[in-house]
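Colleague: Return a 3D structure for these sequence lines:
(one chain, ligands or ions: 1)
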Amino acid sequence: MPSVFIKTYGCQMNERDSEAVAAQLVAKGYTLAKSEVTADVVLLNTCSVRDFAEQKAINKMENIVGAARNKKREQIVGFMGCMAQSRGKELLDRLPDVDLVLGTQKFHRAAEYLDELLAGRRSQIVDVAPEAKSEAAIREHLLNGSAKTSVSAFVSIMQGCNQHCTFCIVPATRGEERSRTIPDVVDECRELVSRGVKEITLLGQIVTSYGRRGMSPAQPEPAAATGEPRLASRSAFVQLLDAVHEIDGLARIRFTSPHPKGYGDDLVAAYARLPKLCETAHLPLQSGSDRILKLMHRGYTREKFVAIIEKLRQAKPGIGITTDIIVGFPGETEEDFEQTLSLCREVQFDNAYIFKYSPRRDTPAADMPDQVPQTIREERNERLLNLVNEIAARKYDEFIGRRVEILVEGPSKKNAARYTGRTRCNRIVLFDGSARHQGQLMEVKIERTGSFTLYGDPAILE
Ligand code: SAM
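Modeller: Residues are numbered from 1 along each chain as shown. Below is the predicted model of the structure:
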């Protein structure tokens with residue numbers, strides 16, 4: 001059987017989609033190649049959120065196709081995911097040697113299409129059409145190729161986004177919001193737990209909008225099917241958290257990415273109510289200026305954002321709070337940017353992902369006046385990064401001497417003598433461990449810190 005290599009660009013949703021495609025192919029008898037050089041099939045799972053990510057995937061494909069041609073090697077190559085969806089056939093005009101372009105609602109068709117290409121029945125396939133219920137098709141897991149080795153897994157609960165932020169291409173690449181049902185998600189989680197998974201991260205473009213629309217009426221009503229009373233005062237997302245929380249053997253629940261607007265009182269209360277829900281929240285801020293937030297179509301103000309964080313910190317003291325920020329959005333003045341700096345000083349994020357604004361095709365912001373020059377975007381990026389890193393380092397140092405619970409994931413990728421785990425608030429901890437620690441919930445004492453890493457001494461084994 002052929003071997004396949006999948007390279008993933010972008011977010012955890014993309015990681016999860018790649019894993020589901022790999023699992024689908026392995027189930028059909030494919031082997032997983034270690035690199036694109038030896039593989040019979042190479043798939044690039046792409047990201048469109050910024051232009052840089054698109055260019056990286058295009059350059060990579062040019063190199064792969066060029067190398068195969070030079071070595072006269074037969075190789076099937078394809079793009080899948082967000083850029084495949086947004087550019088479709090246009091990718092073949094630029095790279096005519098590409099065999100497959102697979103959109104975001106078509107991952108479950110990868111094996112079928114590759115069969116046709118490998119058998120020579122078709123020479124090129126582009127499929128980016130929408131497909132009903134495709135949101136429920138991303139469910140197979142690899143668990144690192146063996147049911148024994150993964151302690152943590154991602155579960156995709158929904159697809160698409162209806163928020164339409166003016167900078168964002170995601171509604172065009174992932175389509176309208178569609179959610180899986182609670183029983184369907186719970187079944188997948190239960191199966192993962194039966195295979196040794198201890199921590200599940202629920203994934204979606206905006207998970208807090210889960211179940212608001214696009215739930216197939218042919219499937220059972222979520223709460224009724226789990227046998228729980230219907231809790232009208234809890235959002236569908238919180239009902240899902242409740243249902244997943246019931247799974248015996250599951251130790252931790254996380255989710256990403258939410259929208260700040262989605263942190264209603266029911267979700268805030270869930271942090272205090274559900275012990276398995278880890279005390280970590282990623283709240284994409286995007287800007288600290290109300291004027292820019294409005295232009296971005298974010299649906300909250302600076303004041304509301306700060307109030308949500310206060311509520312979360314009250315409900316769960318010590319909660320880890322991270323964010324995404326865009327610098328250089330069209331029209332952003334120095335004064336607007338100062339507002340972002342001041343909000344970061346006020347809120348003291350545990351970490352922040354900072355993005356230089358990248359104009360995306362067919363998004364309103366790309367045509368807005370007063371586009372910010374690249375040099376200013378870079379300069380603001382650096383200033384904000386310095387501030388965020390300074391705050392984050394200080395917050396890391398506060399852990400020295402503390403005992404924290406970690407879930408041990410396995411040997412560190414950089415140094416196999418060390419083992420790596422994560423705290424409940426999602427910080428990486430390295431310690432001198434061994435295979436018997438893998439999958440364990442342990443307490444470690446933090447001795448020192450490094451760059452976005454804590455170094456621990458195992459204190460008590462559970
Ligand atoms: N759920 C998130 C939210 O509430 O906005 C969206 C996740 S998005 C895929 C990841 C991050 O990419 C966004 O939060 C945003 O900071 C960044 N991003 C999206 N579009 C961008 C653009 N055109 N330029 C720069 N950064 C962008």
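Colleague: Residue 271 - nearest residue in space that isn't next to it in sequence?
Modeller: With sequence-adjacent residues excluded and distances taken as Cβ to Cβ, 6 or more residues apart in numbering, residue 271 is closest to residue 316, at 4.3 Å. Yep, even glycine has a C-beta here, placed from its N, CA and C like the rest.
Colleague: ok now do the residue nearest to residue 10 when sequence neighbours are not counted, which residues does it touch?
Modeller: Spatially, and ignoring its direct neighbours in sequence, residue 10 is nearest to residue 47 (2.7 Å; Cβ to Cβ, 6+ apart). Contacts for residue 47 were tallied using Cβ atoms under 8 Å, 6 or more residues apart in numbering; they are 9-11, 14, 53-54, 57, 81-83.
Colleague: how about 10 Å then?
Modeller: Contacts for residue 47 (Cβ atoms under 10 Å, 6 or more residues apart in numbering) come out as 8-11, 13-14, 53-54, 56-57, 81-83, 169, 173.
Colleague: Backbone dihedrals for it, please?
Modeller: Phi and psi for residue 47, reported as degrees, to the nearest 10, are phi -130, psi 140.
Colleague: on that earlier part again, which of the contacts of residue 47 fall within helices?
Modeller: The helices, defined by DSSP state H, take in 13-14, 53-54, 56-57, 82-83, 173 from the contacts of residue 47.
Colleague: what about the strands in the stretch 201-350 of the chain?
Modeller: With strands called from DSSP state E, counting those that start in this stretch, the stretch 201-350 of the chain shows them at 252-256, 280-282, 320-327.
Colleague: can you list those strands in a markdown table and add mean pLDDT and mean neighbour count?
Modeller: Conversion of the strands of the stretch 201-350 of the chain to a markdown table gives the following (pLDDT from 0 to 100; neighbours: other Cβ atoms under 10 Å):
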| stretch | mean pLDDT | mean neighbour count |
| --- | --- | --- |
| strand 252-256 | 98 | 22 |
| strand 280-282 | 96 | 24 |
| strand 320-327 | 98 | 22 |
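Colleague: and residue 405, which of those strands is closest to it?
Modeller: Closest to residue 405 of these is strand 252-256 (Cβ to Cβ; 9.4 Å).
Colleague: helix, strand or coil for the residue in the stretch 351-462 of the chain that the ligand sits nearest to?
Modeller: The ligand sits closest to residue 355 of the stretch 351-462 of the chain, with a gap of 3.3 Å, by Cβ to the nearest ligand atom. Recorded secondary structure, residue 355: strand (DSSP: H, G, I helix; E, B strand; the rest coil).
Colleague: For it, name its beta-bridge partners.
Modeller: Beta-bridge partners for residue 355, by DSSP bridges, are residue 326.
Colleague: could you list every residue that touches it?
Modeller: 49-50, 52, 167, 286, 324-329, 377, 381.
Colleague: Next one: it relative to residue 371, how far apart?
Modeller: 15 Å (Cβ to Cβ, to the nearest Å).
Colleague: just residue 125 next, same as before
Modeller: For residue 125 relative to residue 371 (Cβ to Cβ), the value is 37 Å.
Colleague: same check, this time on residue 276
Modeller: Distance of residue 276 to residue 371, given as Cβ to Cβ: 45 Å.
Colleague: Repeat that for residue 18.
Modeller: 33 Å.
Colleague: for residue 361, same thing?
Modeller: Separation of residue 361 from residue 371 (Cβ to Cβ) stands at 14 Å.
Colleague: the more surrounded of these two?
Modeller: residue 371 (17 against 12; other Cβ atoms under 10 Å).
Colleague: Hmm, that one is touching residue 365, no?
Modeller: Yes - assessed by Cβ atoms under 10 Å, residue 371 is found in contact with residue 365 at 8.9 Å.
Colleague: joint contacts of these two?
Modeller: 329-331, 357, 359.
Colleague: Now, of these, which are buried?
Modeller: 329-331, 357 (16 or more other Cβ atoms under 10 Å).
Colleague: isn't residue 97 right next to residue 77, touching?
Modeller: Yes - at 7.0 Å, residue 97 and residue 77 qualify as touching, with contact defined as Cβ under 10 Å.
Colleague: list the residues that contact both of the two?
Modeller: 61, 64-65, 68.
Colleague: Just send these back as JSON lines, with pLDDT too.
Modeller: Below are the shared contacts of residue 97 and residue 77 laid out as JSON lines (pLDDT from 0 to 100):
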{"residue": "61", "pLDDT": "98"}
{"residue": "64", "pLDDT": "97"}
{"residue": "65", "pLDDT": "96"}
{"residue": "68", "pLDDT": "91"}
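Colleague: could those residues go into CSV alongside distance to the ligand?
Modeller: Shown next, in CSV, are those (distance: Cβ to the nearest ligand atom, whole Å):
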residue, distance to the ligand
61, 22
64, 25
65, 28
68, 31
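Colleague: Which residue is the nearest non-sequential neighbour of residue 380?
Modeller: residue 327 (4.1 Å).
Colleague: Do I have it right that the one you found meets residue 377?
Modeller: Yes - counting by Cβ under 10 Å, residue 377 is a contact partner of residue 327 at 5.9 Å.
Colleague: what residues are shared contacts of these two?
Modeller: With Cβ under 10 Å, 6+ apart, residue 327 and residue 377 have common neighbours 355-357.
Colleague: if we can go back for a sec, the contacts of residue 355 also near the ligand: which ones?
Modeller: Contacts with the ligand are made by 49-50, 167, 286, 324, 326 out of the contacts of residue 355, judged by Cβ under 6 Å from any ligand atom.
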